[in-house]
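In: Quick check, what structure comes out for this input:
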Amino acid sequence: MHLALCTQQFGNYWSGLGTYSTLLARGLAKRGIKLTIISPGDPLADLDANYIKIRPSSWDPTHGGWFSLARAYRKQLRSIDADIVHFTDAREALGYSGKIPALGTLHDDYFARHHWVPWYYRKDYVDWVKRYLYYSFVSCAERRALRNLNMLIANSESTAHTISNRYVIDHERIQTIYIQPVLKAASNSGTTVSDDSPKTLLFVGGNIQRKGLPNVLRAMAMMKARNPKLILRVLGKNQNIEKMRELASRLGLKEQVRFDGWVHPSEMTNYYQKSSIFIMPSLMEGYGLVFLEAMSNGVPVIGGNVGGSRELIQDGKNGLLVDPLDVNDIAGSIETLLTDDELRNQLISGGQETISNLDPDAMIDATMDLYNRLLVRS
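Out: Numbers count the residues shown, from 1 in each chain. Here you go, the predicted structure:
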């Protein structure tokens, strides 16, 4: 089988998309699949594949330059004799009309959840006007792109359900295949934090508003009198960081919140291991690989009770789920994990069990099965 893999990110683990694309390519190569990788990413020296380097346009304002990358993929695919094309970000199939059977992977559903009433975004996003306009464009483009594909892979049942319903796509064309990265459970069996030492919350995310940072800040302000030493570290690069700094200052948290920016993946373990709690109460979430990374480092997690997070986090077993719009719920869950060592260690143990049960080969096997079924249909 000859597979053309079109991927926005490759050879890195900086995001869920990069992790997925790299793991997929490595797993397929081990199965003897002939790979042609079309990507802005750099080749991997230990991976036998044909690489075609492309770049997004310098004027492309879409995230990751996906819009201009879609055009570059179309151009390259005209001269490739492959059996299957796999777009690791399905929206990058926009405009694809080639004869090669094609499928794409869905990593999120927030464009499909787009609300056409602009005021919907005003409460939760400081950039609500720009966000509304961008979401409107991507929602229309994404709907069109997905209909160009023979099959779709969803990263969660929640994503599959939303895409099917909102874009009127037959659910039979969408298969859920969970991303299962290669992670090793930490050796620590539990920790105690209910003493007088400083505590640290860790928040990691690029789209900081959609990931729930504003309400985490409001929860910290609510807790400040009872937890004056509590620190929040925010990792991630985003155009609205300065707005979040201003919000933290207005809430009286200037000394308690540290915006550390983008951190190289090789340095992340250090941040996890120095944290008391990992928190990311997303307003919308496709899956949330970062929860798995936190679990693997022995950190209890708090996530939003939305989307794919509910398929990854079992409330009270390997993490806590909160209403991302309820500041009281967020604050209460943080304080519970800061004082209840028994629950904390139960969640750490449950998280490590989750990591131990990951099976990266299962992801590759399921994807291979889908390729074969697609070839039979074609």
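In: Could you pull out the strands in the stretch 201-350 of the chain for me?
Out: 231-235, 257-261, 277-280, 301-304, 320-322 (DSSP state E, counting those that start in this stretch).
In: Give the rounded mean pLDDT of the third one.
Out: When pLDDT is averaged along strand 277-280, the result is 97.
In: Can I get the strands of the stretch 201-350 of the chain in a markdown table including distance to Val168?
Out: Placement of C-beta: from N, CA and C, glycine included. Putting those into a markdown table (distance: least, C-beta to C-beta, whole Å) gives the following:
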| stretch | distance to Val168 |
| --- | --- |
| strand 231-235 | 38 |
| strand 257-261 | 41 |
| strand 277-280 | 31 |
| strand 301-304 | 27 |
| strand 320-322 | 30 |
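In: among those strands, which is the most enclosed?
Out: Stretch with highest mean neighbour count among those: strand 301-304 (a mean of 28; mean count of other C-beta atoms under 10 Å).
In: which residues touch it?
Out: 212, 277-283, 285, 288, 291, 294-295, 309, 312-313, 318-324, 330, 333-334, 337, 347, 351 (C-beta atoms under 8 Å, 6 or more residues apart in numbering).
In: thinking again about what came up before, mean pLDDT lowest where, among the strands of the stretch 201-350 of the chain?
Out: strand 257-261 (a mean of 92).
In: what separates that strand from the chain centre, distance-wise?
Out: Computed by C-alpha atoms, centre = their mean, to the nearest Å, the chain-centroid distance of strand 257-261 equals 20 Å.
In: Ile169 and Met151 touch, don't they?
Out: No: look at Ile169 against Met151 with C-beta atoms under 8 Å: they stay out of range, at 10.5 Å.
In: before we move on, back to that, the strands of the stretch 201-350 of the chain: which one's closest to Leu375?
Out: Nearest of those to Leu375, taken as C-beta to C-beta: strand 301-304 at 37.6 Å.
In: Derive a ChimeraX selection command for the buried subset of the contacts of strand 301-304.
Out: Selection of buried members from the contacts of strand 301-304 for ChimeraX, criterion 16 or more other C-beta atoms under 10 Å:
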select :212,277,278,279,280,281,282,283,285,288,291,294,295,309,312,313,318,319,320,321,322,324,330,333,334,337,347,351
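In: Break the protein into its domains for me.
Out: 2-180+359-377, 200-356 (automatic domain parsing).
In: Next, format those domains as JSON lines and append distance to Ala186.
Out: Output for those, formatted as JSON lines (distance: least, C-beta to C-beta, whole Å):
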{"stretch": "domain 2-180+359-377", "distance to Ala186": "18"}
{"stretch": "domain 200-356", "distance to Ala186": "4"}
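In: Quick check: closest non-adjacent residue to Arg26.
Out: Once flanking residues are discounted, Arg26 sits nearest to Leu47: 6.4 Å by C-beta to C-beta, 6 or more residues apart in numbering.
In: Am I right that the one you found is in contact with Gly27?
Out: No: using C-beta under 8 Å, Leu47 is not in contact with Gly27, being 10.7 Å away.
In: Now for Ile277: which residues touch it?
Out: Here Ile277 is in contact with 199-202, 299-302, 334, 337-338 (criterion: C-beta under 8 Å, 6+ apart).
In: what ranges do the helices span in the stretch 251-378 of the chain?
Out: Using DSSP state H, counting those that start in this stretch, the helices of the stretch 251-378 of the chain run over residues 268-273, 289-296, 309-312, 327-339, 341-356, 360-377.
In: Can you say which of these is packed in most?
Out: By mean count of other C-beta under 10 Å, the helices of the stretch 251-378 of the chain have helix 289-296 as the most buried, with a mean of 24.
In: Which one of the helices of the stretch 251-378 of the chain lies nearest to Tyr125?
Out: So among the helices of the stretch 251-378 of the chain, helix 327-339 is nearest, using C-beta to C-beta, at 16.4 Å.
In: which other residues reach the closest one?
Out: Applying C-beta under 8 Å, 6+ apart, the contact partners of helix 327-339 are 193-194, 199, 201, 212, 215-216, 218-220, 222-223, 226-227, 230, 276-277, 279, 281, 300, 302, 320, 322-324, 343-344, 347.
In: what about it, distance to the chain center?
Out: Centre-to-centre, helix 327-339 and its host chain are 24 Å apart (C-alpha atoms, centre = their mean).
In: And for stretch 250-260?
Out: Stretch 250-260 sits 25 Å away from the centroid of its parent chain (C-alpha atoms, centre = their mean).
In: export that stretch as CSV, just CAs?
Out: Output in CSV follows, covering the C-alpha atoms of stretch 250-260 (Å, rounded to 0.1, in the frame of the first residue of the first chain):
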residue,chain,number,x,y,z
ARG,A,250,-7.8,43.4,37.7
LEU,A,251,-8.6,40.4,39.8
GLY,A,252,-5.6,41.1,42.1
LEU,A,253,-3.6,38.1,41.0
LYS,A,254,-0.6,39.9,39.4
GLU,A,255,1.8,38.2,41.8
GLN,A,256,0.2,34.8,41.7
VAL,A,257,-0.1,34.2,38.0
ARG,A,258,3.0,33.5,35.8
PHE,A,259,2.7,33.5,32.1
ASP,A,260,5.6,31.4,30.9
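In: Could you measure from Gly206 over to Gly261?
Out: 11 Å (C-beta to C-beta, to the nearest Å).
In: Return every residue with contacts to both of these two.
Out: In contact with both Gly206 and Gly261: 236-237, using C-beta under 8 Å, 6+ apart.
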